[in-house]
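K.L.:
I'd like to go over a predicted model; first the sequence, then the structure.
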Amino acid sequence: MPTDAYQQLVAQLQVVASDLPATQVDGLADFIGGLGGPTPQGRRQAVALVPAPRFATAVTALWAAWSEAPEVDGKAVEMALRSASAVSARHRSTQSIDVAWTGPSSAHVPVRMSSQVLLELIDEARSQLIVVSFAAYRDSRIINGLRSTAQRGVDVRLILESTGVGGRLEGGGAHAFRELRGLVSFWVWPQDKRPAGGVSMHAKAAIADRRAALVTSANLTGHALDLNMELGLIVRGGPVPARLADHFNALFASGELVEVQSN
């Protein structure tokens, strides 16, 4: 049995443990523990445990890796998955907070450009990336980063302010991200969902994989990311990134935020 097959199986178990909610990982581990090996019927039953594309993709990839090491029985895979899940949970519980600052530096807060932090988050996303901005102008660094991330299979969702009606994204966001049509999805807060009185979608944030989040004053514009005086906090680990991701995913599911086409 080639060592790299075991390494691939371990790597895929780590992906499942880190990318899926703990309840889904536990249910999958329970099921796998009763199997003798990675049979096609077992894969179909495992995929059916949770009716979600993300879960199905993770299970399918895990089964492909396990099929390269079929002598590893279900109990061993269950134990490895639970161990990876425990390590992932411990990692998520360790929270770090740092400053993202664009503007004059001091001895207390060095310049760490908002663009640098945002590009790091875009690059490290492995399952879902949510980016929220009021204003957006075309920036090749952001465009290229989002394209590369989406082409890895990451679910990239851009929540933007829009001047459009009739289910289309118009205004700065539509122009800035036109070349990403078909790779990322565009979402807006519809006018009929807002309180009366000219209310704006004014939030600015980026959340990667429920594990890291940037909350910032900076819009997706060159001046905001590199030149303006802008302040943000980058949170890694702990409950905050997961709560933010869950909040936006609930807004997607409820229809408070609506997917639209980009002009």
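P.N.:
That came in fine, so what should we check first?
K.L.:
residues near Arg243, how many?
P.N.:
Arg243 has 13 neighbours, counted by other C-beta atoms under 10 Å. The C-beta positions use only the backbone N, C-alpha and C, and glycine is treated the same way.
K.L.:
repeat for the one 3 residues further on
P.N.:
Here the neighbour count serves as a burial measure; for Asp246 (other C-beta under 10 Å) it reads 14.
K.L.:
what does the helix or strand hosting Ala100 rub up against?
P.N.:
Here Ala100 sits within strand 96-102, counting by DSSP states H and E. Residues from elsewhere that reach strand 96-102 (C-beta atoms under 8 Å, 6 or more residues apart in numbering): 109-115, 117, 214, 216, 218, 224-237.
K.L.:
got the angle between the very next helix or strand once past it and strand 96-102?
P.N.:
Following strand 96-102 in sequence order, the next helix or strand is helix 114-124 (DSSP H and E). Using axes from the mean of the first three to the mean of the last three C-alpha atoms, to 10 degrees, the direction of helix 114-124 lies 130 degrees away from that of strand 96-102.
K.L.:
that older thread, among the contacts of strand 96-102, name the buried ones.
P.N.:
Buried members of the contacts of strand 96-102, counted by 16 or more other C-beta atoms under 10 Å: 112-115, 117, 214, 216, 218, 224-226, 228, 230-232, 234-237.
K.L.:
coming back round to it: alpha carbons only: can I get the strand holding Ala100 in PDB?
P.N.:
The C-alpha trace of strand 96-102 is given here as PDB (Å, rounded to 0.1, in the frame of the first residue of the first chain):
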ATOM      1  CA  SER A  96      -6.700  35.800  17.700                       C
ATOM      2  CA  ILE A  97      -7.600  39.400  16.900                       C
ATOM      3  CA  ASP A  98      -5.400  41.800  15.000                       C
ATOM      4  CA  VAL A  99      -5.700  45.300  13.500                       C
ATOM      5  CA  ALA A 100      -6.000  46.000   9.800                       C
ATOM      6  CA  TRP A 101      -5.000  49.600   9.300                       C
ATOM      7  CA  THR A 102      -4.500  51.800   6.200                       C
END
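K.L.:
please pull out the lowest mean pLDDT helix or strand from the protein.
P.N.:
One helix or strand of the chain scores below all others by mean pLDDT, DSSP states H and E: strand 168-169, with a mean of 60.
K.L.:
where along the stretch 51-200 of the chain do the strands fall?
P.N.:
Applying DSSP state E, counting those that start in this stretch to the stretch 51-200 of the chain gives strands spanning 96-102, 128-133, 155-160, 168-169, 185-188.
K.L.:
out of these, flag the one nearest Phe177.
P.N.:
Of all those, it is strand 155-160 that lies closest to Phe177, at 6.3 Å by C-beta to C-beta.
K.L.:
what does that closest one rub up against?
P.N.:
54, 125, 127-134, 136, 146, 149-150, 169, 171, 173, 177, 183-189, 201, 203, 248, 252, 257.
K.L.:
repeat that for 6 Å
P.N.:
128-133, 136, 146, 149-150, 173, 184-187 (C-beta atoms under 6 Å, 6 or more residues apart in numbering).
K.L.:
coming back round to it: most tightly packed of the strands of the stretch 51-200 of the chain?
P.N.:
With neighbours defined as mean count of other C-beta atoms under 10 Å, the strands of the stretch 51-200 of the chain peak in mean count at strand 128-133, which reaches a mean of 24.
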